[in-house]
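**Student:** this is a predicted model, with the sequence first.
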Amino acid sequence: MINKIVRSMADAMAGIKDGSTILLGGFGSVGQPDALLDGLIEQGAKDLVVVANNAGTGHVGLAKLMELGRVRRIICSFPRSAGSVVFEELYRAGKLELEIVPQGTLAERMRAAGAGVGAFFTPTSVGTKLAEGKEVRVINGQSQVLEYALHGDVALVEAWQADRWGNLTYNKSGRNFNAVMATAAATSIVQAHHIVELGMLDPEAVVTPGIFINRVLHVPNAGEVA
């Protein structure tokens, strides 16, 4: 019987190794799997490469993981945002590596990884510092930059509903990077606000099929039982 629901945070985080590349869902704080981030902090893996839309805020979640010295490199689109004090301090001190990737390119690199596409060409970043050292070709009269698929060892994802097979739905803008990241990692771990019985999810509403998911942990919304 297929059952991807795990009983504890320790089970969800089991086996994450030092040096792993972590794909972290969310757009800022929206759709970010905060409980799984706290679990990763407790689990202890270090020397991590984190792929996220932004570089955290305040001193919680991703920012806390960085502040603890557990992140070696961050790949993101918006490293500087309101409250990104930890990132700025670490980066200026030379304690954190940074790779900036345009937001659409970031999403497409992970979509490519999930689809088995090794690389693709895009006009985004042509003629900028972000294209330095990359192959450029003229395709249909337009210069385009070669970008490689971006794979993760682990994806940390927030979903609205999940069943025991790992089929997922998302809540409005909470979908953001979560859906594409879920397909691009060797191990995809989900915190789901609601666990439902098999057959309760409308197949047309399932965004992420369970074939991409390895572990599901029930993390209810505050004040909710299920």
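**Tutor:** Yep, that arrived. Numbering: from 1, shown residues only.
**Student:** and the residue lying farthest from the centre of the chain, what is it in contact with?
**Tutor:** Taking Cα atoms, centre = their mean, the residue of the chain most remote from its mean C-alpha position is G141, at 34.3 Å. For G141, the contact set (Cβ atoms under 8 Å, 6 or more residues apart in numbering) is empty. (Each C-beta comes from the backbone N, C-alpha and C, glycine too.)
**Student:** tell me the pLDDT of it.
**Tutor:** On pLDDT, G141 comes in at 97.
**Student:** tell me the pLDDT at A222?
**Tutor:** Reading off the model, A222 has pLDDT 62.
**Student:** can you tell me the SS state at the closest residue to R80 other than its chain neighbours?
**Tutor:** In this structure, R80 finds its nearest non-sequential neighbour in E88, 6.8 Å apart by Cβ to Cβ, 6 or more residues apart in numbering. Following DSSP: H, G, I helix; E, B strand; the rest coil, E88 is assigned to helix.
**Student:** for E88, grab the count of nearby residues.
**Tutor:** Burial of E88 is recorded as 13 neighbouring residues (other Cβ atoms under 10 Å).
**Student:** distance of it from F120?
**Tutor:** 32 Å (Cβ to Cβ, to the nearest Å).
**Student:** now do V71
**Tutor:** 27 Å.
**Student:** please say which of those two ends up with more neighbours.
**Tutor:** When neighbours are counted by other Cβ under 10 Å, V71 and F120 differ, and V71 comes out ahead with 25 against 16.
**Student:** would you list every one of the strands in the protein?
**Tutor:** 21-24, 48-51, 71-76, 97-100, 119-122, 136-139, 142-148, 152-162, 168-169, 185-195, 215-218 (DSSP state E).
**Student:** quick one: closest of those strands to N176.
**Tutor:** strand 152-162 (9.4 Å; Cβ to Cβ).
**Student:** what does the pLDDT read for G28?
**Tutor:** pLDDT, G28: 82.
**Student:** okay, and the beta partners of H218?
**Tutor:** Under DSSP bridges, the beta-bridge partners of H218 are A192.
**Student:** neighbours around it, how many?
**Tutor:** Count around H218 with other Cβ under 10 Å applied: 16.
**Student:** which residues does it contact?
**Tutor:** 5, 191-192, 194-195, 226.
**Student:** now render those residues as JSON lines, adding neighbour count, distance to V50 and pLDDT.
**Tutor:** As requested, the contacts of H218 are arranged in JSON lines below (neighbours: other Cβ atoms under 10 Å; distance: Cβ to Cβ, whole Å; pLDDT from 0 to 100):
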{"residue": "I5", "neighbour count": "18", "distance to V50": "26", "pLDDT": "98"}
{"residue": "Q191", "neighbour count": "25", "distance to V50": "17", "pLDDT": "98"}
{"residue": "A192", "neighbour count": "24", "distance to V50": "22", "pLDDT": "98"}
{"residue": "H194", "neighbour count": "18", "distance to V50": "27", "pLDDT": "97"}
{"residue": "I195", "neighbour count": "17", "distance to V50": "27", "pLDDT": "97"}
{"residue": "A226", "neighbour count": "9", "distance to V50": "31", "pLDDT": "47"}
